[in-house]
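K.L.:
Let's see this in three dimensions:
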Amino acid sequence: MDVHSAGERTSRRRFLGNTMTAAAGLAAVSGLSLSGCSESMRRASGQKSSQFIRSGDVVLFQGDSITDAGRDRNREGNANDVRALGTGYALYIASQLLAERADAGLKIYSRGISGNKVFQLAERWDKDCLALKPSVLSILIGVNDIWHTLNGNYNGTVEVYEKDYRALIERTQRELPEVRLVLCEPFVLRTGAVNDKWFPEFDRYRAAARRVATDFHTTFVPFQAMFDEAVKTAPPGYWAGDGVHPTIAGAGLMAQTWFSTVSHAKA
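P.N.:
Now for the predicted structure:
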C-alpha cells in the first residue's frame, strides 16, 4: 500500500499488456455469475447508471492505492485517459460509463494516491478534488488508516478516522453543494497481509464509513459484503492476492457492484 516509486511505473510494453488484460477482464464482467451472490450483483454489468450520471458530468474517483492502481500521474489532467485511470476498478467503471453514455460528454478522472489515509486526502483536496469541480465524487478510503497503525507507521484510531472523514465530507458538501457523493466501504479479505490482528477492529472502520455515508445522505457501496459473498465461490486470494489489493477479478467485481449500487441511487 506504500507509494509506488517512479522506477516502479509500468513500461509502455507492460502497460499495453496490462491494458489488454484489463479490457478482457471488463468484457468478462458482463458474463460474471456467482452462485450465492444477490441478483443485483449478477446483473450489475448489464444495468445502466440510471439518472445518477448525467450529461456533462465530471466523475472523480478518490482514494488510496486500490483507486490509484498504477495510474500515470503525468497524465492525470487528461479526462478519460486510459493511462491516467490506472488498471483497477476506476478504469473498468470509466470504460463502461463511456461506452454506454457515448453522447453524454462525460469527463472521468482518478486521483487516488497509494498509501493515503483520510487526513492525506484532506491535505490535497483543493488540488485533487475541489479544483476539478466534480459532479459525481466516489471515495474509497480506510484500509491504510488501520493497516499503517498495525505496522507502526501511523498512530491512528477508528475515532480519528471517522472524525477526519466527517470533516472531509462536510468540507466537500460546503464547497460543492450539488455534488453527488458515492462512499465505498473499505474492505479486506483474510489472506496475504490480512490476519487475525486486523479483527474485530477493522469491522469498526467499516461501520464508521457506513455511519458517515448514512449521516451525510450519500450513496454507499458495500464492497466488504460483496467480497464476503464472493469468497463462497472462489478463495480470497482469487479476489485479492494480498488481502487488500484486488486482482483483475476483484476489480471487475467492484466495478459491477458500483454500477449496481449507483443504478439504484437517487440522483
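K.L.:
what residues does stretch 168-177 touch?
P.N.:
Stretch 168-177 is contacted by residues 118, 121-122, 125, 129-130, 133-134, 137, 179, 181, 183, 212, 216, 218 when judged by C-beta atoms under 8 Å, 6 or more residues apart in numbering. Just so you know, the C-beta spots here come from the backbone N, C-alpha and C atoms, and that holds for glycine as well.
K.L.:
Filter these down to the buried ones, PyMOL style.
P.N.:
Buried members of the contacts of stretch 168-177, defined by 16 or more other C-beta atoms under 10 Å, are picked up in PyMOL with:
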select buried, resi 118+121+122+125+129+134+137+179+181+183+212+218
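K.L.:
From the contacts of stretch 168-177, pick the one nearest residue 228.
P.N.:
Of all the contacts of stretch 168-177, residue 228 sits closest to residue 183, with 18.4 Å by C-beta to C-beta.
K.L.:
pLDDT averaged over whichever strand or helix holds the closest one, what's the number?
P.N.:
Assigning secondary structure by DSSP states H and E places residue 183 in strand 180-184. The average pLDDT within strand 180-184 is 98.
K.L.:
Helices of the protein, residue ranges please.
P.N.:
12-29, 39-43, 65-68, 89-100, 118-123, 125-128, 143-150, 158-175, 201-215, 223-230, 236-239, 248-263 (DSSP state H).
K.L.:
quick one: which of the ones you listed is nearest residue 110?
P.N.:
In terms of C-beta to C-beta, the element of the helices of the chain nearest to residue 110 is helix 89-100, at 4.5 Å.
K.L.:
pLDDT on that closest one, on average?
P.N.:
97.
K.L.:
go on, stretch 259-267?
P.N.:
Here the average pLDDT along stretch 259-267 is 87.
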